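Visitor: got a predicted structure plus its sequence, pasted below:
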Amino acid sequence: MARYSRASLPMTALALMFTLAAGPRAEASGFQLRDQSGSGQGNAYAGISAGGSDISSMFFNPATLTRFSGNRLQLGFTAIQPSSKFSDGVASRGSVGAPLNVASTPISGSNSTGNIAKSAVLPTFYALYSVDADLKLGLSVNVPFGLTTEYDPAWIGRYQAVKSHLETLDITPTVAYRLAPHWSVGAAFVARRAKAELSQAVDFGALAQLALNKASAQGLPIPQNLAQGGSMDGSVDVRGDAWAYGYKLGVLFEPSATLHVGLGYQSRVRETLTGTAEFSGTAPAGAALGTLAAAFPSAALGLANIGTLFAGQTANGPVSAVVVLPSTLSLGVSYDVSSTLSLAAEVAQTKWSAFKELRVRFSNPATQPDSYTTENWKDAMFFALGATCHPDGAWTYRVGVAKDNTPVPDGNRTPRIPDADRTWVSLGASYQFTPAFGVDAGFSHLFCKDSNVDLQAGSNPAGQEFARGNLSGTYKNSIDILSIQARYAF
């Protein structure tokens, strides 16, 4: 993500949490989760918007339900094992000249990390009820967005990020109707539950140094450099949750029994999360100001004013934040080359350009003005090609490749989401135990480009990055995904 406006409260983006599973590291671009189907995983989700192999396609295009008959249930689980390791890190505090006279100093801590991305198991649930041959009703439960990254609290980038945790839970009733032999339409209502948590260290020593040096420069009899960066680290933890609502629309065109073309749209959802901000480690800074007031009685009033300002800025209390989760438009095509071989393709665009900023509002703006991050992400494209082989018998085999572009501009990449372009390679298989019961499995390895962060504190003490310091380094990323689902028709 990008940067917050106020150096005194350096908090970054809130995160979303699904109560049924551990928080995932985002495997699609940004923090989108494409893992919604055990069969779709096997061919990198190629052709999923045209119907795929089962009713899990309703997540991408509600109109595809008309391709399936009878009543059906599906339950699946996806294990995501990401790896993201930081190395070659360099971090230092910002500097400013006279009259504040604050020199840049190194930030202590480890300049490399182990794996900061957390593994998770995500559930999916789908149900289909056929009112008749043309009218279909569906229900799905999914986790469409998510993120978890967590660092050692003492690493050199602790003022940028320690923990980021995002999750959502969608409950989606769906309806699809066949208008004509070749045309179907579908729509769905999305009820989305979001939860959020974020934490990072706060350099109260550096902030106190700035405040005291400023007071000294304004004529208060206080020697400069009585406080120093890194001498009084604290932390801030922000949590929030919300319900919000959206919709899905879809069209399915089937000009022949062998060719299927589907177009699906998932709306953006605007989440207004409410929760609390909790600061810790403020007591040493407050005590230090009291000690200084006793040592310099002629400056006691000025120090008391600084202490009052500090207490107001670090007060625990209610917060709110708006998170715009993007829309996605997807086009899928599948073609049955023969009775045993199908080819498929998928292209999707996620409108991450809607994610321009994330603003945190406090309950008392007089002492705690808004904090905000400037994101300015860009729209991201996904391309996939796949094949499905279904020879005579109970087995079906799948293979696929995909290209998934990151929405994060190089200049806006932070330790919260060290995102980069990735390439998918996928394999999968299905076994039909009986006409009513089958199991699907799919595996994907995502080859991710190395990503770099290069964050600059600047020389303006009131700037977005000054209190967080300079940070540069490299991330090496990769992801393994295994999906399994069971299908039952009745």
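Guide: All right, it came through fine.
Visitor: check what pLDDT residue 295 gets.
Guide: For residue 295, the pLDDT comes out at 69.
Visitor: show me what the host helix or strand of residue 288 is packed against.
Guide: Under the criterion of DSSP states H and E, residue 288 resides in helix 282-295. Applying 3 or more C-beta pairs under 8 Å, 6 or more residues apart in numbering; DSSP states H and E, one finds that helix 282-295 contacts helix 204-217, helix 300-313. Quick note: C-beta positions are derived from backbone N, CA and C, even for glycine.
Visitor: so how far is residue 426 from residue 404?
Guide: 12 Å (C-beta to C-beta, to the nearest Å).
Visitor: no wait, residue 259
Guide: Counting by C-beta to C-beta, the gap between residue 259 and residue 426 amounts to 23 Å.
Visitor: which one of those two is surrounded by more residues?
Guide: The neighbour comparison of residue 259 against residue 426 (other C-beta atoms under 10 Å) goes to residue 426, with 25 against 14.
Visitor: which residues sit in contact with the more buried one?
Guide: Applying C-beta atoms under 8 Å, 6 or more residues apart in numbering to residue 426 gives the contacts 41-44, 386, 398-402, 442-445.
Visitor: buried ones among these?
Guide: Buried members of those, scored by 16 or more other C-beta atoms under 10 Å, are 41-44, 386, 398-402, 442-444.
Visitor: that older thread, just send the helices and strands packed on helix 282-295 back as a markdown table, with distance to residue 481 and mean neighbour count too.
Guide: Output for these, formatted as a markdown table (distance: least, C-beta to C-beta, whole Å; neighbours: other C-beta atoms under 10 Å):
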| stretch | distance to residue 481 | mean neighbour count |
| --- | --- | --- |
| helix 204-217 | 41 | 22 |
| helix 300-313 | 43 | 16 |
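Visitor: weakest of the ones you listed by average pLDDT?
Guide: Note on the helices and strands packed on helix 282-295: helix 300-313 shows the lowest mean pLDDT, a mean of 75.
Visitor: relative orientation of that one and helix 282-295 in degrees?
Guide: 170 degrees (axes from the mean of the first three to the mean of the last three C-alpha atoms, to 10 degrees).
Visitor: elements contacting helix 300-313?
Guide: Contact here means 3+ C-beta pairs under 8 Å, 6+ apart; on that basis helix 300-313 packs against helix 204-217, helix 282-295.
Visitor: chain center to it, what's the gap?
Guide: Computed by C-alpha atoms, centre = their mean, to the nearest Å, the chain-centroid distance of helix 300-313 equals 37 Å.
Visitor: next: stretch 294-308.
Guide: From the chain centre to the centre of stretch 294-308 is a distance of 44 Å (C-alpha atoms, centre = their mean).
Visitor: run through who's touching it.
Guide: 211, 212, 215, 220, 221, 222, 286, 289, 290, 292, 293.
Visitor: what would these look like in JSON lines with distance to residue 199?
Guide: Shown next, in JSON lines, are the contacts of stretch 294-308 (distance: C-beta to C-beta, whole Å):
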{"residue": "211", "distance to residue 199": "24"}
{"residue": "212", "distance to residue 199": "27"}
{"residue": "215", "distance to residue 199": "30"}
{"residue": "220", "distance to residue 199": "34"}
{"residue": "221", "distance to residue 199": "38"}
{"residue": "222", "distance to residue 199": "32"}
{"residue": "286", "distance to residue 199": "21"}
{"residue": "289", "distance to residue 199": "25"}
{"residue": "290", "distance to residue 199": "27"}
{"residue": "292", "distance to residue 199": "29"}
{"residue": "293", "distance to residue 199": "31"}
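Visitor: tell me the buried residues within the residues you listed.
Guide: Of those, these count as buried by 16+ other C-beta under 10 Å: 211, 212, 215, 220, 222, 286, 289, 292, 293.
Visitor: so the third one sits against residue 226, correct?
Guide: Spelled out, that is residue 215. No - using C-beta atoms under 8 Å, residue 215 makes no contact with residue 226, being 10.3 Å away.
Visitor: circling back: now render the helices and strands packed on helix 300-313 as a markdown table, adding distance to residue 341.
Guide: Converted to a markdown table, the helices and strands packed on helix 300-313 look like this (distance: least, C-beta to C-beta, whole Å):
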| stretch | distance to residue 341 |
| --- | --- |
| helix 204-217 | 64 |
| helix 282-295 | 66 |
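Visitor: between those, which one is closest to residue 328.
Guide: helix 204-217 (41.0 Å; C-beta to C-beta).
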